[in-house]
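A.B. asks: Give the three-dimensional model of this entry:
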Amino acid sequence: MKRILCVGGGSGGHVTPIVAVVEELRSSLRAQRSNQCACHSGLDPESSNCDVIANEVKQSNNNPTAASRNVSPSSDLARKTSYTGQPVEPHFGKENKSSLPKSEPIGVVRNIRLQQPNLVDDDEENRVGALASTDKQPLDIRIWTGKRFAVQTRGLVDDQTRVDVIASGKLRRYANLTFWHKWFSWYHLTKTHLPNLIDLFKIVIGFFQSLAKLIFWRPDVIFAKGGYVCLPVGVAAALLRIPLVIHDSDSVPGLTNRILARWAAVVGTGSPVENYPNYPRVKTKFVGIPVRPEIRKLSDEEKRQLKKSLNLDPENELIFVMGGGGGAQVFTDTFQKIAPEIVKRNAQIVLSTGKGKSFTPDKNIAKSFFVYEFLSDNYAATMNACDIFVTRAGVTSLAEAATVGVPTIIVPSPYLSGDHQTKNAAVDEKADAAIVLKQLDLEKDPKILARAVSDILRDTKLRDKLKRNMAKFAKPDALSDMVKMILRAMGKGSRK
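C.D. replies: Have a look, this model is predicted:
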């Protein structure tokens, strides 16, 4: 049995790229299995025993809980699913399940491909074929993440992927604070420095936990997406000499990845290699940000049809507000104040608040203002359908915005380590690809965001410019390139 472990969670360790990698790995190895079957039997891939494999792939496509996690954009959209997975009162328009489309859903890209040439080089194809040519060598992919991200991760992955929780701790290093406030204020003494001390013990516990789990379940390769959850796992992997592949999304290298890079077999980066002077050049490659295949650009007509399937008004503009995996309190506070003004402009809002930040919209605007703690199955469909995207400056969110080609308003968090979100946003702002607002200004005057939304809604030239320039940042090969690196490292590790 061939085993792959994917790890992530925490700042820079977004789980959505991990899910994308898991889906692509399963797709790639199924495709290789089908092709290898044809090669070994001398038959066409569509015939003989290959039909069994093809049917398995087809069933994965048709099963919303199968490996590719291809979920209809209308699936469960008339019903709100909370962060904890418990159904609550509907918020996405009127329930009209009888009108939901039964045909191939718009906005979802089939992730399983029977033919996938040039995914890896010839040597890799032979290695992967050997791994996947027989059912006697099934693929076991698992995800390890932190407690905070476990529910989100389980809501995104298929039933075949096991998700485990690893003890981990973060080093809180907030930017843009005065010396006194940072080191001596009661708030930071209790909310920053004391938790940092406690988390040191969590890291040690996580290391021994990871070491024990890796001894009893030894993967052929570990993919570490970044974030503090990866630190104890990566150190344990280095001790056990398990091949480690890491990916750093942010233009400012993360602390965990800087530590793990010395032991990594290869390092993938989200921006050009020049931004990562601490990483060994010989094993560092710019791949971009892996984006789930079902997130893609749609035509205007496809967007209207998708909105209709989501029980939204197909003629009104959709503003999707996403504050990252943990949400953003500033968005919750702001949209409670400005939503009435925005919906008057024939617009509708979907707000993902994050755990514990949800609220019930005013009944006067409830038909146009939909509040979720977290979107799982419906995230890709909502992203594809939106006309304006309001987000933090996390690189995964920005990569998804570029893939969809949507006008974007960015409010970077000013307090994260290295102030990396401000730097991420500056790149898009310089390219006229997004409108960037400062959080401190927004806290003083929430109407700044309302005016930015209104400008995009009424100014066609501005909207087209933002769409065009944001789309230039799309890197469609990022996911397949990342999978190539993992497969290559797995092949090399298997020969040792």
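
A.B. asks: Next, count neighbours for the nearest residue to residue 388 once chain neighbours are set aside.
C.D. replies: Nearest in space to residue 388, with sequence neighbours left out and distances taken as CB to CB, 6 or more residues apart in numbering, is residue 319 at 4.6 Å. In short, each C-beta sits where N, CA and C put it, glycine included. The burial count assigned to residue 319 is 27, neighbours taken as other CB atoms under 10 Å.

A.B. asks: where does residue 319 land in three-state SS?
C.D. replies: Under DSSP: H, G, I helix; E, B strand; the rest coil, the three-state class of residue 319 is strand.

A.B. asks: residues in contact with it?
C.D. replies: When the contact criterion is CB atoms under 8 Å, 6 or more residues apart in numbering, the partners of residue 319 are 342, 347-350, 386-390, 453.

A.B. asks: For residue 357, see how far away it is.
C.D. replies: From residue 319 over to residue 357 the distance is 18 Å, taken as CB to CB, to the nearest Å.

A.B. asks: Show me the shaky parts of the stretch 1-150 of the chain.
C.D. replies: Judged against pLDDT under 70, the low-scoring parts of the stretch 1-150 of the chain cover residues 10-13, 32-137.

A.B. asks: One more pass at 50, please.
C.D. replies: Per-residue confidence for the stretch 1-150 of the chain (pLDDT under 50) gives these ranges: 45-91, 94-136.

A.B. asks: one step back: of the contacts of residue 319, just say which sits nearest to residue 164.
C.D. replies: Sorting the contacts of residue 319 by distance to residue 164 puts residue 350 at the head of the list, at 31.1 Å, by CB to CB.

A.B. asks: Could you give the separation of stretch 275-283 from the chain centroid?
C.D. replies: Going by CA atoms, centre = their mean, to the nearest Å, the spacing between the C-alpha centre of stretch 275-283 and its chain's C-alpha centre is 24 Å.

A.B. asks: now do the same end-to-end measure for that stretch.
C.D. replies: End-to-end span of stretch 275-283 (CA to CA, to the nearest Å): 15 Å.

A.B. asks: Name the residues of it that come out as buried.
C.D. replies: Buried positions in stretch 275-283, judged by neighbour count with 16 or more other CB atoms under 10 Å: 275-276, 279.

A.B. asks: Stretch 295-307 too?
C.D. replies: Along stretch 295-307, these residues count as buried under the neighbour rule (16+ other CB under 10 Å): 295-298, 303-307.

A.B. asks: quick one: average confidence on it?
C.D. replies: Averaged over stretch 295-307, pLDDT sits at 95.

A.B. asks: Residue 444: neighbour count?
C.D. replies: By the measure other CB under 10 Å, the count of residues near residue 444 is 9.

A.B. asks: likewise residue 377?
C.D. replies: Counted by other CB under 10 Å, the residues lying close to residue 377 total 18.

A.B. asks: and it, which of the three is it?
C.D. replies: In the three-state summary, residue 377 is assigned as coil, counting by three-state DSSP.

A.B. asks: any idea which of the buried residues of stretch 295-307 is the one closest to residue 434?
C.D. replies: Set against residue 434, the nearest of the buried residues of stretch 295-307 by CB to CB is residue 297 (16.3 Å).

A.B. asks: For that closest one, list the residues it contacts.
C.D. replies: The contact partners of residue 297, taken as CB under 8 Å, 6+ apart, are 384, 403-405, 471.

A.B. asks: circling back to that earlier point, hmm, which of the contacts of residue 319 are the buried ones?
C.D. replies: Buried by 16+ other CB under 10 Å: 342, 347-350, 386-390, 453, out of those.

A.B. asks: Okay, and which of these map to strands?
C.D. replies: The members of the buried ones among the contacts of residue 319 that map onto strands under DSSP state E are 347-350, 388-390.

A.B. asks: Distance to residue 250 and pLDDT for those residues - can I get that in a markdown table?
C.D. replies: Formatted as a markdown table, the entries for those read as follows, by distance: CB to CB, whole Å; pLDDT from 0 to 100:
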| residue | distance to residue 250 | pLDDT |
| --- | --- | --- |
| 347 | 31 | 96 |
| 348 | 32 | 97 |
| 349 | 28 | 97 |
| 350 | 26 | 96 |
| 388 | 24 | 98 |
| 389 | 19 | 98 |
| 390 | 20 | 97 |
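
A.B. asks: Save the residues you listed as CSV, and put in distance to residue 439 too.
C.D. replies: As requested, those are exported to CSV (distance: CB to CB, whole Å):
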residue, distance to residue 439
347, 23
348, 24
349, 19
350, 21
388, 18
389, 17
390, 12
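
A.B. asks: quick one: which of the residues you listed is nearest to residue 14?
C.D. replies: The shortest gap between residue 14 and any of those belongs to residue 389, at 16.0 Å (CB to CB).

A.B. asks: Kindly state the beta-bridge partners for the closest one.
C.D. replies: Note on residue 389: beta-bridge partners by DSSP bridges are residue 320, residue 408.

A.B. asks: Surely it and residue 323 touch.
C.D. replies: No. Contact status for residue 389 versus residue 323: not in contact, 11.7 Å apart, counting by CB atoms under 8 Å.

A.B. asks: quick one: residue 194 from residue 200, how far?
C.D. replies: 11 Å.

A.B. asks: got it, and residue 15?
C.D. replies: With the distance defined as CB to CB, residue 15 ends up 24 Å from residue 200.

A.B. asks: Looking at the two, which is more packed in?
C.D. replies: Counted by other CB under 10 Å, residue 15 and residue 200 do not tie: residue 15 has more neighbours, with 28 against 12.

A.B. asks: Surely the more buried one and residue 9 touch.
C.D. replies: Yes. Residue 15 lies in contact with residue 9 (CB under 8 Å); the separation is 6.4 Å.

A.B. asks: which residues are in contact with both of the two?
C.D. replies: When contacts are counted by CB under 8 Å, 6+ apart, residue 15 and residue 9 are jointly contacted by 145, 149, 153.

A.B. asks: That concludes my questions; thank you for your assistance.
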